[in-house]
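Student: Okay, predicted coordinates and the sequence, questions at the end:
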Amino acid sequence: MMLRLFVGFFFLIIAFCPFSVWGASVGGPGDDNEKFQAGDMIMHHILDSHDWHVLDWKGHAVSVPLPIILFHEGKGLKVFSSSKFDHGHATHQGYNLVYGNTTSIEFVNEDGTKNIEETEKIWDISITKNVFSLILSILILLSVFITISNRYKKNQNKAPTGIQSLLEPIVIFVRDDIAKSAIGNKDYKKYLPFLLTVFFFIFLNNLLGLIPFFPGGANLTGNIAVPLVLAAMVFIITTLSGKKYYWQHIFAMPGVPKPVLLILTPIEIFGVFLKPLVLMIRLFANITAGHIIILSFFSMIFIFGEMSPVAGYGVSVFSGLFVLFMMTLELLVAFLQAYVFTLLAAMYFGMAVEEH
Amino acid sequence: MDLVTPDIGLLFWMTTCFIILLVLMKRFAWGPILTALNAREEGIQAALDQAEEAQKQISEATSKVVQILEEGKKEKEKLIREAQIELSEYKKEQQNKINTQIDAQLKSAKDEIAQQKRAAIGELKNSVAELSIEIAEKILKKELENPNQHNSLIMESVEDLEIQ
């Protein structure tokens, strides 16, 4: 328990310190004449945005327009395309797209100043880059696995073929080595659909995040909201399936003297919340860190290129090699993080249903 | 701090979409897949069990065959042994029969020999008696002056001649 606490704090420190430095160093929307800002570029790539910037062509941004969905209290639901904003150059129905590290939508007055009161009433549920990627990954997962499941129905008791034989070992791996071993033979079946879904969701989105061009490259699993929802689900399931033994170990650890319980019980209660928090931060930090490292190596090319074109070309060779190395490593991390998240979730479920 | 501030829109979509994904996957993907996997594993297990059972039956049959062969061998040996015993008994019997015949023949031969011997002895006694009478006549003719003395002498010599 104490070890896990330390690990938790360690991750908290790791997660917050360097990234808040990143956040602080990033300025406003970059002018075209400004020098190359590695921090801006990286933050822009790993955060969300309301349109999908594909490339710059002759000074103009080429991007895939995405639907903007706003729920404005008092004004109702507004749905329109992000192309109406013309990359932040135009307002639409009084809404303006503000470019920062991430894009945000604000309500402006007639004179073009921000109307803070009205902006606070906007619930922005637009299909952003990450939401688009989320829906895409869900469609991929559904189509792949429903195809496979139909093949299982059709070829019952036959050897798997094609994509079925590619994914079957992973399904069995999750079932036997994660669910069965962590939860136990009695209860694992109840949690298996959730664990499998979480595993393949994280794994696929980690991989999609590594594809450098549209429609990949969104940092979905590295966006705090996604691990947050997943970890919250793990927390809810763990808490709801907690049996007597689980709660007893939190509130009154058997065999521990009363005075020690005064210290131990708060720590255990804290641990209940810390466990999913750590789960969230681990996934978020690992994937985001991978993206930042790869983008940093690319940034080096441009930083050196601004000093002299020769240096840029020279560095590009080494940057390319490092990026290749990192990409390979990230392939491993993509699997590993999906595995670790699923395994830890399974272990928490296992602790909750443990009986003696 | 944009990095660690969850966006409300993404939170909303993630929660909604993930729950939908979970429900659809559970209903249409994991259910059939896991059922099929279980069915297949059980099928494989059953096939393995059957193979093992068949193997067991084969080995049982083999051991039965071996047993039958062994019994046959024993039976054969027993028969041979019995035949040998019978043969040797028969031989002994025959031998005994022959022996008794020989004994009987030998005995009858001996009897005949003894009879012949007795007859010969009887003949010899007669001859001796005649011879003695002749001798006595000669002596009588020669020594008639003392007839008593000579008579007793003749009787003694006749008795001495008798053969046991």
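Tutor: Noted; the coordinates are in hand.
Student: Helices of the stretch 201-350 of chain A, start to end?
Tutor: A:225-241, A:244-251, A:258-307, A:309-353 (DSSP state H, counting those that start in this stretch).
Student: should've said chain B
Tutor: In chain B, the helices defined using DSSP state H lie at B:8-24, B:31-142, B:147-161.
Student: how big is the angle separating the shortest one from helix B:31-142?
Tutor: What it means is helix B:147-161. Here helix B:147-161 points in a direction 170 degrees away from that of helix B:31-142 (axes from the mean of the first three to the mean of the last three CA atoms, to 10 degrees).
Student: helices or strands next to helix B:147-161 in the packing?
Tutor: When contacts are defined as 3 or more CB pairs under 8 Å, 6 or more residues apart in numbering or on different chains; DSSP states H and E, helix B:147-161 sits against helix B:31-142. C-beta coordinates here come from the backbone N, C-alpha and C atoms, glycine included.
Student: Over the helix it packs on, what's the mean pLDDT, rounded is fine.
Tutor: Helix B:31-142 shows a mean pLDDT of 92 in the predicted model.
Student: Let me know which of the helices of the stretch 201-350 of chain A is tucked in deepest.
Tutor: Sort those by mean neighbour count, taking mean count of other CB atoms under 10 Å in any protein chain shown, and helix A:225-241 sits at the top with a mean of 20.
Student: so which of the helices of the stretch 201-350 of chain A gets nearest chain B?
Tutor: Nearest to chain B, of all these, is helix A:225-241, at 4.0 Å by CB to the nearest CB.
Student: and that closest one with chain B, contact?
Tutor: Yes: counting by CB under 8 Å from any CB of the partner chain, chain B is contacted by helix A:225-241 at A:225-226, A:228-230, A:233.
Student: Buried deepest among the helices of chain B, which one?
Tutor: Each of the helices of chain B was scored by mean neighbour count; the highest is helix B:8-24, a mean of 18, by mean count of other CB under 10 Å.
Student: Render the CA-only coordinates of that one in CSV, please.
Tutor: What follows is helix B:8-24 as a C-alpha-only set of coordinates in CSV (Å, rounded to 0.1, in the frame of the first residue of the first chain):
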residue,chain,number,x,y,z
ILE,B,8,-16.2,19.0,-20.8
GLY,B,9,-17.0,18.1,-24.4
LEU,B,10,-14.6,15.2,-24.6
LEU,B,11,-15.7,14.0,-21.2
PHE,B,12,-19.3,13.9,-22.4
TRP,B,13,-18.5,12.2,-25.7
MET,B,14,-16.0,9.7,-24.1
THR,B,15,-18.5,8.7,-21.4
THR,B,16,-21.4,8.3,-23.9
CYS,B,17,-19.5,6.7,-26.6
PHE,B,18,-17.6,4.3,-24.4
ILE,B,19,-20.8,3.1,-22.6
ILE,B,20,-22.4,2.6,-26.1
LEU,B,21,-19.2,0.7,-27.2
LEU,B,22,-19.2,-1.4,-24.1
VAL,B,23,-22.9,-2.4,-24.5
LEU,B,24,-22.6,-3.1,-28.2
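Student: Distance from that helix to the middle of the chain?
Tutor: Chain-centre distance of helix B:8-24: 91 Å, with CA atoms, centre = their mean, to the nearest Å.
Student: Point out the other helices and strands that it packs with.
Tutor: Based on contacts counted as 3+ CB pairs under 8 Å, 6+ apart, the elements that helix B:8-24 packs against are strand A:122-124, helix A:129-154, helix A:188-210, helix A:225-241.
Student: got the angle for it vs helix A:225-241?
Tutor: 50 degrees.
Student: Contacts for helix B:8-24, please.
Tutor: A:48, A:69, A:123-128, A:130-131, A:134-135, A:138, A:141-142, A:193-194, A:197, A:201, A:223, A:225-226, A:228-230, A:233 (CB atoms under 8 Å, 6 or more residues apart in numbering or on different chains).
Student: sorry, back to before: switch the residues of helix A:225-241 next to chain B over to CSV; also include pLDDT.
Tutor: Shown next, in CSV, are those (pLDDT from 0 to 100):
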residue, pLDDT
A:225, 92
A:226, 94
A:228, 95
A:229, 95
A:230, 95
A:233, 95
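Student: from the residues you listed, which is closest to residue A:240?
Tutor: Nearest to residue A:240, judged by CB to CB, of the residues of helix A:225-241 next to chain B is residue A:233 at 10.6 Å.
Student: coming back round to it: and of the helices of chain B, who's closest to residue A:73?
Tutor: Across the helices of chain B, residue A:73 has its closest neighbour in helix B:8-24 (13.3 Å, CB to CB).
Student: Could you check the angle the closest one makes with helix A:188-210?
Tutor: 130 degrees.
Student: Quick one: mean pLDDT for helix B:8-24?
Tutor: The pLDDT scores in helix B:8-24 average 93.
Student: about what we covered before: just the helices and strands packed on helix B:8-24: most buried one?
Tutor: With a mean of 22, the top stretch among the helices and strands packed on helix B:8-24 by mean neighbour count (mean count of other CB under 10 Å) is helix A:188-210.
Student: Counting by contacts, list what it packs against.
Tutor: Contacts defined by 3+ CB pairs under 8 Å, 6+ apart place helix A:188-210 against helix A:129-154, helix A:163-173, helix A:225-241, helix A:258-307, helix A:309-353, helix B:8-24.
Student: can you rerun that using 6 Å?
Tutor: Applying 3 or more CB pairs under 6 Å, 6 or more residues apart in numbering or on different chains; DSSP states H and E, one finds that helix A:188-210 contacts helix A:129-154, helix A:309-353.
Student: Please list the residues outside that helix that contact it.
Tutor: Contact with helix A:188-210 is made by A:137, A:141, A:174, A:179-180, A:183, A:216, A:219-221, A:330, A:334, A:338, A:341-342, A:346, A:349, B:22, B:25-26, B:30, as judged by CB atoms under 6 Å, 6 or more residues apart in numbering or on different chains.
Student: Check stretch B:125-136 too.
Tutor: Applying CB under 6 Å, 6+ apart, the contact partners of stretch B:125-136 are B:154, B:158, B:161.
Student: if I look at the spatially closest residue to the first one that is not a sequence neighbour, how far off is chain A?
Tutor: Among residues not flanking residue B:154 along the chain, residue B:136 sits closest, at 4.7 Å (CB to CB, 6 or more residues apart in numbering or on different chains). Applying CB to the nearest CB, to the nearest Å, one obtains 140 Å for the distance of residue B:136 from chain A.
Student: Kindly report the same for residue B:128.
Tutor: Applying CB to the nearest CB, the value for residue B:128 to chain A is 128 Å.
Student: if we can go back for a sec, can I get the helices and strands packed on helix A:188-210 in JSON lines with mean pLDDT and distance to chain B?
Tutor: Converted to JSON lines, those look like this (pLDDT from 0 to 100; distance: least, CB to the nearest CB, whole Å):
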{"stretch": "helix A:129-154", "mean pLDDT": "92", "distance to chain B": "4"}
{"stretch": "helix A:309-353", "mean pLDDT": "93", "distance to chain B": "13"}
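Student: would CSV of those with distance to residue A:250 be doable?
Tutor: Below are the helices and strands packed on helix A:188-210 laid out as CSV (distance: least, CB to CB, whole Å):
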stretch, distance to residue A:250
helix A:129-154, 34
helix A:309-353, 10
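Student: residues from the stretch 51-200 of chain A in reach of chain B?
Tutor: For the stretch 51-200 of chain A, the contact set with chain B under CB under 6 Å from any CB of the partner chain comprises A:101-102, A:124-126, A:130-131, A:134, A:138, A:142, A:145-146, A:149, A:152-153, A:157, A:193, A:196-197.
Student: If we use 7 Å, what do you get?
Tutor: In this structure, the stretch 51-200 of chain A approaches chain B at residues A:101-102, A:123-126, A:128, A:130-131, A:134-135, A:138, A:141-142, A:145-146, A:148-149, A:152-153, A:156-157, A:171-172, A:192-194, A:196-197, judged by CB under 7 Å from any CB of the partner chain.
Student: Show me how far stretch A:39-51 is from its chain's centre.
Tutor: Put simply, stretch A:39-51 sits 14 Å off its chain's centre (CA atoms, centre = their mean).
Student: quick check: domain ranges of chain A?
Tutor: By the assignment in automatic domain parsing, chain A contains the domains A:2-48+A:128-353, A:62-127.
Student: Next to chain A in this structure, residues from chain B, please.
Tutor: Counting by CB under 7 Å from any CB, chain B sits next to chain A at B:1-4, B:6-15, B:17-18, B:21-22, B:24-26, B:28-30, B:32-34, B:36-37, B:39-40, B:43.
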